[in-house]
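Chemist: Structure of the sequence below:
(2 chains)
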Amino acid sequence: MNLSLLILIPLLTAIAILFCKGLKQVRSVTLFGSLVQLGAALFLLYAYWHERATGNTTQMLFEDGYVWYEPLSINYHIGVDGISVAMILLTSFVVTAGVLVSWKMETMTKEFFILLVILSAGAYGFFISLDLFTLFFFLEVAVIPKFLLIGIWGSGKKEYSAMKLALMLMGGSALVFVGLLGLYFNTYTSSGTHTFDIIPISQMTIPIDVQKIFFPFAFIGFGIFGALFPFHTWVPDGHSSAPTAASMFLAGISMKLGGYGCLRVATYLMPDAAHYYSPIIIVLATIAIIYGAFATMMQKDLKYINAYSSVSHCGFVLLGIGMLTQTSINGAVMQMVSHGLMTALFFAAIGMIYDRTHTRWTAQLGGLLKVMPFISTVFVLAGLCSLGLPGLSGFVAEVTVFMGSWQNADTLYRIATILSCASIVVTAVYILRAVAQTIMGPINNMHYLSLSDATWNEKFAAAILIIGIVAIGVAPFWLNDLISPGTQNIIQHTISAVTLK
Amino acid sequence: MTSQFFILLKFELLVAVIIFILLFIKVGSSEWKNKTVLNVVNILLLVNLVAGFFMNHDGELFGDMFQTTKLIELQKNILNLGALIVSAQAYSWLKNHKHVLEFYMLLLSTLLGMFFMISSGNLLMFYLGLELSTIPLAALCNFDLEKRQSSEGAMKLIISSAFSSGLLLFGISLLYGSTGTLSFSELSQHLNGSSLQLFAFILFLAGFAFKISVVPFHLWTADVYEGSPVPVTSYLSVISKAAFLFVLVSVLYHVFKPISVSWYNIILLLSVLTMVIGNLFAIRQNNLKRFLAFSSITQMGFILVGISGSSQMGTASVVYFLFVYVFSNLGAFGVVAFVSALTGKETIDDYKGFYKTNPFLTWVLTISLFSLAGIPPTAGFFGKFFLIMAGAGKGNYVFITIAALNMIISLYYYLNVVKAMFMDANENPIEKLSVNTLPKLAMIVCMLGIISIGFIHPIYDYIYSLSFGF
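Modeler: Next comes the predicted model:
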């Protein structure tokens, strides 16, 4: 399969939207584009399994490349392994659901959908890149549309949030930039040039002193995207001010760019430094998990609840990466996929509630189950997945992370694991309380009785995400089989780095 | 010999011929309407640009006074392109102006001066070209004849450039005193890093720093930019700076190669100062012209990062960035010039709610600003990436980190303008403006350049193949 299609389809969709007239045409073209993309992603999954089944064991499949800037040995180089396929599937699910949820968007529709589509193109490009330049290019493509999305269509103190998000994320990418340049100038190919290509760099031995300098740049840079404590402050503001679809994209996709980058670039290419800095990462991740959970307890706004719980949940991703065992990294990737689907579903449900009741304050809501059973069920499902109910994806991912973490016998790692496990209790408290206050109980406001339940597009959007969550929860081995060759590769790389020393 | 004279001096002769044609039009037919004159001039400039791509030969003239290489021809083509775009954007301002022909004669004289300066192989020729390129600029700054600010700007420019020329001449005379030659190729053989020569170099560089407005020699910039008519401001900030930077790179890399360790440190210091101070001042500006002035100061800081690389990558990245910069800065100035000519509004507050009334102009300005900020997929991203990459080749990562963080600060104020146009409410926004064909064409050319250059990699490959370093 030609992977460039994954970037071309969104770009063609954006161009098509440009020439559309009228609201109807715009949104049907966007939906068509995202469905085609979903189809392409599913086909990619099929093609991937097919290749693997026929005994193709190369690390990256469907590789493709063009020379971009020859004098600087910068190439457009793309390819996927299981981890990328999982992330691409996640992106296409969230994008389709996001487009469906924004069906009622009426102000500046054309610009809105074009920006959404460009944002998704950036994410797809990021996940398929095997060249650090291409990767960085797409990482930045996925930032600025968010500024406009939040600033124009957002709510609350949207300008402030948009600016904060844009500056913090671009700050992260500036750090990544320095890290990548440092890597580049310390690579030496047989022809005497430097390279940005991930595969050759992974086969080189980069001096450990160099790794120690540039690992923090890359890890913190990507960490800012993935809500690494203490650089998580853009998350609550950004998510709560964004329009529904943008929140779904932010939490479902953008934060995963960070986790994926930490794994693929920082840990994979600088394995010695990853071991060296592992305790610090663990401590920061544990703080994020616990701090995020307790901060969520204090929130009264539904979007803030989900945003802070995202900080906590993304902490598990970084914890899994920092633990550096195969199971924990497996868990980290599963948590990325699971959290992406779950949080998108959560934001979609919150958006649907807000569209009808025009409030996100838990105190003003109540008894919604009676008037909008479908939306309430979706809300409860997302909540249960968030607190880790067995049978849904959250449980699988978190348990895998914990099991992997426990394999590290060191005291600090054990303490971190125990503390992170304990945070689940806090999660249960805030989720159940939020559910009780908004969904259960008596109806606070008689005006709510006249509200309608979900429309077809909202049901469709929720169904797509729920299918993903349940599928992973019931049959986690599918996802596990998909990603484990990729994670195995990464972990072998980090282990061999240590033994070489 | 004569044929070679004509071929090597092709660029200069063409511009000179155009100046004479304009002079004859002025003398012979004073009855021409402004619109006719403008159309004729733009066609002439277009011919000039196209002619620049044919019949190019490398060589030297007048001993080693004048030299031309493929890279120099490319640089002249970039300047020609910039001049054409500026001229097209000046349309709405000039169509009611009394002295159109004089404007173009002065403008083209400065272009001629820049051509001689870029091609110079000798300090005397260099100085001649430099003066020819700056003195008419002061007259151009004064071209809003009724405005007091305009003449104030012109006075500031003439005084500061006279001062910087003085520094430059002092530096040149000391260099001559210690080496006994004015020729670039011989100078580099006689440089040994003695303290007299270092002092001379610092004076020489200070003269340059004035022209490209590098901190702490930037103080004239904002006032001159604010006072001058917008097309002149854009000419000053893009074409004139690009010409000086082209010369600076070749002088630093060729002539002052023996003392490269010393100049690396000076450039590093100037670069950090320029980026930081340019950024801090740009944040506080409300007038868009002043804002663009300070943002262009910051851009000079980034260019110095590329120059500090002193490799083939360094030259290539500077030329490439300036090529991109022509499109991005002229795109931004094009909108500001147009709005200013029609409504006289120039502050960021005036631009609030601009998107509701003028979506096309807003997108042009937004994309140009994104390109200036270095956001992909615009060409500015590639330009900045290569500049900083060239600087990183030296291995000084503290410096590179400072540069990268300054990109974020600059992003803040570029986004502020975008925010004003898209998000802020305004009760009386700028009314709907209809754009003339010629300025619109110029804007579209800028947009096409910004969007496509990064993906047409042969452009960079070609520049790289012509570049030099050590």
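Chemist: Output the set of residues of chain A in proximity to chain B.
Modeler: A:67-72, A:133, A:137-138, A:140-141, A:143-144, A:147-148, A:151-152, A:158-159, A:162-163, A:166-167, A:170-171, A:174-175, A:177-178, A:181-182, A:184-185, A:213, A:217 (C-beta under 8 Å from any C-beta of the partner chain). No exception for glycine: its C-beta is placed from N, CA and C like everyone else's.
Chemist: which stretches of chain B have low pLDDT?
Modeler: Within chain B, the segments meeting pLDDT under 70 span B:1, B:29-30.
Chemist: near chain A, which residues of it show up?
Modeler: Going by C-beta under 8 Å from any C-beta, the residues of chain B near chain A are B:312-313, B:316, B:370, B:375-377, B:381, B:385-386, B:388-389, B:392-393, B:395, B:397, B:400-401, B:404-405, B:407-408, B:411-412, B:415-416, B:418-419, B:422-424, B:457, B:460-461, B:464-465.
Chemist: Any of the residues you listed buried? List them.
Modeler: B:312-313, B:316, B:370, B:375-377, B:381, B:385-386, B:388-389, B:392-393, B:397, B:400-401, B:404-405, B:407-408, B:411-412, B:415-416, B:418-419, B:422-424, B:457, B:460-461, B:464 (16 or more other C-beta atoms under 10 Å in any protein chain shown).
Chemist: can you count the residues close to A:C20?
Modeler: The number of residues packed around A:C20, counting by other C-beta atoms under 10 Å in any protein chain shown, is 18.
Chemist: Just the C-alphas of the strand or helix carrying A:K459, formatted as CSV.
Modeler: Applying DSSP states H and E as the criterion places A:K459 in helix A:456-474. C-alpha atoms of helix A:456-474 as CSV (Å, rounded to 0.1, in the frame of the first residue of the first chain):
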residue,chain,number,x,y,z
TRP,A,456,-28.0,10.2,13.9
ASN,A,457,-24.6,11.8,13.4
GLU,A,458,-23.9,11.9,17.1
LYS,A,459,-24.9,8.3,17.5
PHE,A,460,-22.7,7.3,14.6
ALA,A,461,-19.8,9.2,16.1
ALA,A,462,-20.2,7.6,19.5
ALA,A,463,-20.6,4.1,18.0
ILE,A,464,-17.3,4.3,16.1
LEU,A,465,-15.4,5.1,19.3
ILE,A,466,-17.3,2.6,21.5
ILE,A,467,-16.6,-0.2,19.0
GLY,A,468,-12.9,0.6,19.4
ILE,A,469,-13.0,0.7,23.1
VAL,A,470,-14.9,-2.5,23.5
ALA,A,471,-12.9,-4.3,20.9
ILE,A,472,-9.7,-3.6,22.7
GLY,A,473,-11.3,-4.4,26.1
VAL,A,474,-12.6,-7.7,25.0
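Chemist: Contacts only, for the nearest residue to B:Q197 once chain neighbours are set aside.
Modeler: With C-beta to C-beta, 6 or more residues apart in numbering or on different chains as the criterion, B:Q197 has its nearest non-adjacent residue at 5.3 Å, and that residue is B:S178. Shown in contact with B:S178 (C-beta atoms under 8 Å, 6 or more residues apart in numbering or on different chains): B:H190, B:S194, B:L196, B:Q197, B:A200.
Chemist: Assess the claim that the fourth one and B:F256 are in contact.
Modeler: Same thing as B:Q197. No - the pair B:Q197 / B:F256 is not scored as a contact, 9.2 Å apart, by C-beta atoms under 8 Å.
Chemist: residues near the residue of the stretch 151-300 of chain B at minimum distance from chain A, how many?
Modeler: Residue of the stretch 151-300 of chain B nearest chain A, by C-beta to the nearest C-beta: B:I283 (12.3 Å). Neighbours of B:I283 under the rule other C-beta under 10 Å: 14.
Chemist: Excluding chain neighbours, what is closest to it?
Modeler: B:Y413 (5.1 Å).
Chemist: List the residues that contact that neighbour.
Modeler: Contact analysis of B:Y413 by C-beta under 8 Å, 6+ apart lists B:N279, B:A282, B:I283, B:Q285, B:F291, B:S295.
Chemist: what about the last one, which SS state?
Modeler: Just to be clear, that refers to B:S295. Put simply, B:S295 is helix when judged by DSSP: H, G, I helix; E, B strand; the rest coil.
Chemist: and the residue of chain A most remote from its centre, how far is that from chain B?
Modeler: Most distant residue from the mean C-alpha position of chain A: A:M446, 38.4 Å away (C-alpha atoms, centre = their mean). A:M446 sits 34 Å away from chain B, going by C-beta to the nearest C-beta, to the nearest Å.
Chemist: Apart from its chain neighbours, what residue comes closest to the residue nearest the centre of chain B?
Modeler: For chain B, the residue lying nearest the average C-alpha position, counting by C-alpha atoms, centre = their mean, turns out to be B:V238 (2.5 Å). Closest residue to B:V238 apart from its sequence neighbours, by C-beta to C-beta, 6+ apart: B:N329 at 5.0 Å.
Chemist: What separation do you get for the one you found and chain A?
Modeler: 19 Å.
Chemist: Same check on B:G383?
Modeler: Distance from B:G383 to chain A, by C-beta to the nearest C-beta: 12 Å.
Chemist: CA atoms only for stretch A:342-350 - export them in CSV, please.
Modeler: The C-alpha coordinates for stretch A:342-350 follow below in CSV (Å, rounded to 0.1, in the frame of the first residue of the first chain):
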residue,chain,number,x,y,z
MET,A,342,-11.8,7.0,25.5
THR,A,343,-11.1,10.7,25.9
ALA,A,344,-12.4,11.5,22.5
LEU,A,345,-15.6,9.7,23.4
PHE,A,346,-15.7,11.6,26.7
PHE,A,347,-15.3,15.0,25.0
ALA,A,348,-17.9,14.0,22.4
ALA,A,349,-20.4,13.2,25.2
ILE,A,350,-19.6,16.4,27.0
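Chemist: ok, and for it, which residues are buried?
Modeler: Buried residues in stretch A:342-350 (16+ other C-beta under 10 Å): A:M342, A:T343, A:A344, A:L345, A:F346, A:F347, A:A348, A:A349, A:I350.
Chemist: now it: mean pLDDT?
Modeler: For stretch A:342-350, mean pLDDT rounds to 91.
Chemist: Can you get me the centre-to-centre distance for it and its chain?
Modeler: 13 Å (C-alpha atoms, centre = their mean, to the nearest Å).
Chemist: How about stretch A:40-52?
Modeler: Computed by C-alpha atoms, centre = their mean, the separation of stretch A:40-52 from the middle of its chain amounts to 21 Å.
Chemist: Secondary structure element holding A:A409?
Modeler: Judged by DSSP H and E, A:A409 forms part of no helix or strand.
Chemist: about what we covered before: and the buried residues of stretch A:342-350, which is closest to chain B?
Modeler: Set against chain B, the nearest of the buried residues of stretch A:342-350 by C-beta to the nearest C-beta is A:F347 (21.9 Å).
Chemist: Name all residues that make contact with residue 356.
Modeler: In the absence of a named chain, chain A is used. By C-beta under 8 Å, 6+ apart, the contact set of A:R356 is A:M372, A:Y448, A:L451, A:S452.
Chemist: meant chain B, my bad for not saying
Modeler: B:P429.
Chemist: how about the strands in the stretch 151-300 of chain B?
Modeler: For the stretch 151-300 of chain B, applying DSSP state E, counting those that start in this stretch gives no strands.
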